[in-house]
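> Next comes the sequence, and after it the predicted model I'd like to discuss.
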Amino acid sequence: MAPTLIYIFGGTGDLAHRKLIPALFNLYIDGYLPGPFTIVGVGRSKIEESTYRAQMRKSIKEFARRSELTTKYWSKFSKNITFQTHDLNSDKSYKEMAAGWKAFQEEHGKESQIIFYLSVAPQLAPVIAKRLHGHRLCHDPKRSRMVFEKPFGHDLASAQELNVMLGKLFREEQIYRIDHFLGKETVQNILALRFANALFEPIWNANYIDHVQITAAETVSIESRGSYYESSGALRDMVQNHVLQMLCMVAMEAPISFEADEIRNKKLDVLQALRHMRPEDVHRYAVRGQYGPGWSKGKKAAGYRQEKAVDPQSNVETFAAVKFYVDNWRWKDVPFYVRTGKTLAAKETLITVQFRPAPDYAFPDEAAHTWRPNRLVIGIAPKMDIRLRFQAKQPGPSMTLRPVDMVFSYASRDEEDCQPEAYETLLQDVIEGNPTLFMRADQVEAAWKAIQPIMEVWGHKPPVDFPNYTPGSWGPEDAEALIARDGFNWATLPEV
Ligand SMILES: NC(=O)C1=CN([C@@H]2O[C@H](COP(=O)(O)OP(=O)(O)OC[C@H]3O[C@@H](n4cnc5c(N)ncnc54)[C@H](OP(=O)(O)O)[C@@H]3O)[C@@H](O)[C@H]2O)C=CC1
Ligand SMILES: O=C1O[C@H](COP(=O)(O)O)[C@@H](O)[C@H](O)[C@H]1O
């Protein structure tokens, strides 16, 4: 692998502390980092290199998957970490970085590569891109890459604008739009489950599948991210990206190869097939919620409007549920119910594929058959498993049925401990120049387009009932109604 210089813009921020540096540490332990590499944390803070290193050591101890190995590997790893104070709006900073890049190439050779990870507020992205271009820091498309954190844009128009600008300055293959859910093992495994087995594919369509549910529930509040969340909300923060990407994995057609563009094309087809919502129909398809004050894990919990950096009258949603349809042959009239929210009853990311009931059959009524067990449940996180729930005969003299599970669990195969974190997989892909798991410009735009009508209606019509759910619940009543109207319930882990 080519010698690599990695700039982490936002090196003092939350994401760098909790995810990026710990992920790079794990990659180092596994020998996946290139021979010579340098990680340069960048922030406005005026801190010494030694202080930065000490902070990063603490982060690794706290957040790295294999923190117990900190002592063993830290001293070697830390030699590759440095810190620079820069204002990323200032030209001078890029001049200094250009000098640093020149020196790196002189030391390690012309095949060296440079990566800029933009772990900063999205408003900084355009100025950074222009300056990197202006200082020829990304002029060689084969040896320079930029990683853009989410959110990529604020809506369809701003995402398009950013894409157009980047398209003028760089080649698409240099631009890595990250969605960390795509780095999760269990999300990638959906492709293996569907396309490496002939078992499911024949029934993976509207003839046999009744509906699909995707839940991405969190127990945490918005924590210290109030100012970001006020300009985002659950729909932009989770549905536009992570949830729709999971939906694509479930709904896409079989790829003919695992080439980056082939997978991206197949996912784009799904996004483009999402049924357009007319503004007057949005209330039938989408529900929003905001948590009020209450109790969580035996402690008093603040409501969203009482959180730091949040407007006390805020109408930003912390919960969203949407019913999507994928208007193509495979998924004709099959609803995809998705929901996500903060301070919910459980941390649970789960995909449930509900099959249609068996046709009328010979079992006596007292067999108490229901058709709900007939489902495949994919645990994305924190439970990582796949369970097929089906009807079986209850042992005994009568023909009584009961639901049973056939389970593949990562934990039971000792595989959970050696799972790379999503950011490890994705950072390794950036270093190796593999964009398969990253979003192409058109995908990001198609995802914004899918939720644009909801954003517009919600933006124009303030909610009348906020706050409308309590911490520790499963969200607002209306979310139950959204799915109950069609005769179903949301699936959660204990009862699936
Ligand atoms: N945190 C998370 O869990 C997630 C974050 N993201 C995305 O990642 C990005 C970063 O988020 P997060 O780490 O939480 O943000 P933080 O607010 O914690 O950190 C922001 C970083 O940007 C730096 N910064 C801000 N302005 C400048 C500037 N003008 N010049 C140089 N550095 C600057 C800050 O440095 P300093 O303080 O030293 O000035 C700090 O390191 C955002 O786009 C966010 O949406 C995405 C998914 C999850
Ligand atoms: O991108 C985001 O994701 C996290 C949830 O990610 P997970 O891997 O912990 O499930 C979410 O908390 C955050 O609000 C959002 O920005």
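Okay, I see it. Ligands and ions are numbered 1, 2, ... in the order given.

> Show me which residues of the stretch 151-300 of the chain sit near ligand 2.
By C-beta under 6 Å from any ligand atom, the residues of the stretch 151-300 of the chain that approach ligand 2 are 218, 237. For glycine as for every other residue, the C-beta is placed from the backbone atoms N, C-alpha and C.

> For the stretch 151-300 of the chain, which segments are assigned as strands?
Applying DSSP state E, counting those that start in this stretch to the stretch 151-300 of the chain gives strands spanning 175-177, 209-217, 286-289, 294-296, 299-301.

> if you compare the ones you listed, which one is most tucked away?
strand 286-289 (a mean of 27; mean count of other C-beta atoms under 10 Å).

> just checking, what packs against that strand?
strand 319-325, helix 441-460, helix 477-484 (3 or more C-beta pairs under 8 Å, 6 or more residues apart in numbering; DSSP states H and E).

> So which of these is nearest ligand 2?
Across the helices and strands packed on strand 286-289, ligand 2 has its closest neighbour in strand 319-325 (12.1 Å, C-beta to the nearest ligand atom).

> Could you export the closest one as CSV, CA atoms only?
Written as CSV, here are the backbone C-alpha positions of strand 319-325 (Å, rounded to 0.1, in the frame of the first residue of the first chain):
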residue,chain,number,x,y,z
PHE,A,319,-38.7,10.8,15.9
ALA,A,320,-39.8,10.0,12.3
ALA,A,321,-41.8,7.1,10.9
VAL,A,322,-42.5,6.8,7.2
LYS,A,323,-44.3,4.3,4.9
PHE,A,324,-42.5,4.0,1.6
TYR,A,325,-43.4,2.1,-1.5
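
> List the contacts of the helix or strand where residue 38 lies.
Using DSSP states H and E, the element containing residue 38 is strand 37-43. Contact partners of strand 37-43, identified using C-beta atoms under 8 Å, 6 or more residues apart in numbering, comprise 3-13, 16, 21, 24, 52, 56, 80-86, 88, 100, 104.

> do the same with stretch 451-468
155-156, 235-236, 239-240, 244, 276-279, 282-283, 285-286, 288-293, 303-305, 315, 317, 322, 476-478.

> ok so, going back, could you give me the ChimeraX syntax to select whichever of the contacts of strand 37-43 are buried?
In ChimeraX, selecting the buried portion of the contacts of strand 37-43, with burial taken from 16 or more other C-beta atoms under 10 Å, looks like this:
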select :3,4,5,6,7,8,9,10,11,12,13,16,21,24,52,56,80,81,82,83,84,86,88,100,104
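
> how many other residues sit next to residue 468?
21 (other C-beta atoms under 10 Å).

> Can you give me the distance of it to ligand 2?
To ligand 2, residue 468 is 20 Å away according to C-beta to the nearest ligand atom, to the nearest Å.

> Give me the phi and psi for that residue.
phi -130, psi 10 (degrees, to the nearest 10).

> Also the one 5 residues further on?
Main-chain torsions, residue 473, degrees, to the nearest 10: phi -100, psi -170.

> What number of residues are in the vicinity of the nearest residue to it once chain neighbours are set aside?
In space, residue 473 comes closest to residue 345 once its chain neighbours are excluded; the distance is 6.1 Å by C-beta to C-beta, 6 or more residues apart in numbering. For residue 345, the neighbour count with other C-beta under 10 Å is 15.

> Next, residue 345: phi, psi?
With angles defined as degrees, to the nearest 10, residue 345 sits at phi -70, psi -30.

> How about the residues of this structure by ligand 1?
Residues of the chain found near ligand 1 (C-beta under 6 Å from any ligand atom) are 10-15, 42-45, 86-89, 119-122, 149-151, 228.

> from the residues you listed, which ones fall inside strands?
Using DSSP state E, the subset of those located in strands is 42, 43.

> List the contacts of the residue nearest to residue 473.
Contacts of residue 345 by C-beta under 8 Å, 6+ apart are 217, 219, 472, 473, 474, 492.

> circling back: got a markdown table for the strands of the stretch 151-300 of the chain, with distance to residue 451 and mean pLDDT too?
Output for these, formatted as a markdown table (distance: least, C-beta to C-beta, whole Å; pLDDT from 0 to 100):
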| stretch | distance to residue 451 | mean pLDDT |
| --- | --- | --- |
| strand 175-177 | 17 | 97 |
| strand 209-217 | 14 | 98 |
| strand 286-289 | 9 | 98 |
| strand 294-296 | 28 | 88 |
| strand 299-301 | 28 | 89 |
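
> Of the ones you listed, give the one that comes closest to residue 437.
Closest approach to residue 437 among the strands of the stretch 151-300 of the chain (C-beta to C-beta): strand 175-177, 9.2 Å.

> Surely residue 439 is in contact with residue 152?
Yes. Assessed by C-beta atoms under 8 Å, residue 439 is found in contact with residue 152 at 7.2 Å.

> Identify the contacts common to those two.
Counting by C-beta under 8 Å, 6+ apart, the common neighbours of residue 439 and residue 152 are residue 177.

> Okay, now the unreliable bits of this structure?
Applying pLDDT under 70 to the chain flags residues 360, 366, 368-372, 412-418, 494-496.

> and the residue of it nearest ligand 2?
Scanning the chain for the residue nearest ligand 2 gives residue 237, at 4.8 Å (criterion: C-beta to the nearest ligand atom).

> helix, strand or coil for residue 2?
coil (DSSP: H, G, I helix; E, B strand; the rest coil).

> for it, phi and psi?
Backbone torsions for residue 2, taken as degrees, to the nearest 10, come to phi -70, psi 150.

> Cross the residues of the chain next to ligand 1 against helices and list the overlap.
14, 15, 228 (DSSP state H).

> and the first one, how many neighbours?
When you say that, I think you mean residue 14. If you count neighbours by other C-beta under 10 Å, residue 14 ends up with 14.

> That one: what's it in contact with?
By C-beta under 8 Å, 6+ apart, residue 14 lies in contact with 224, 225.
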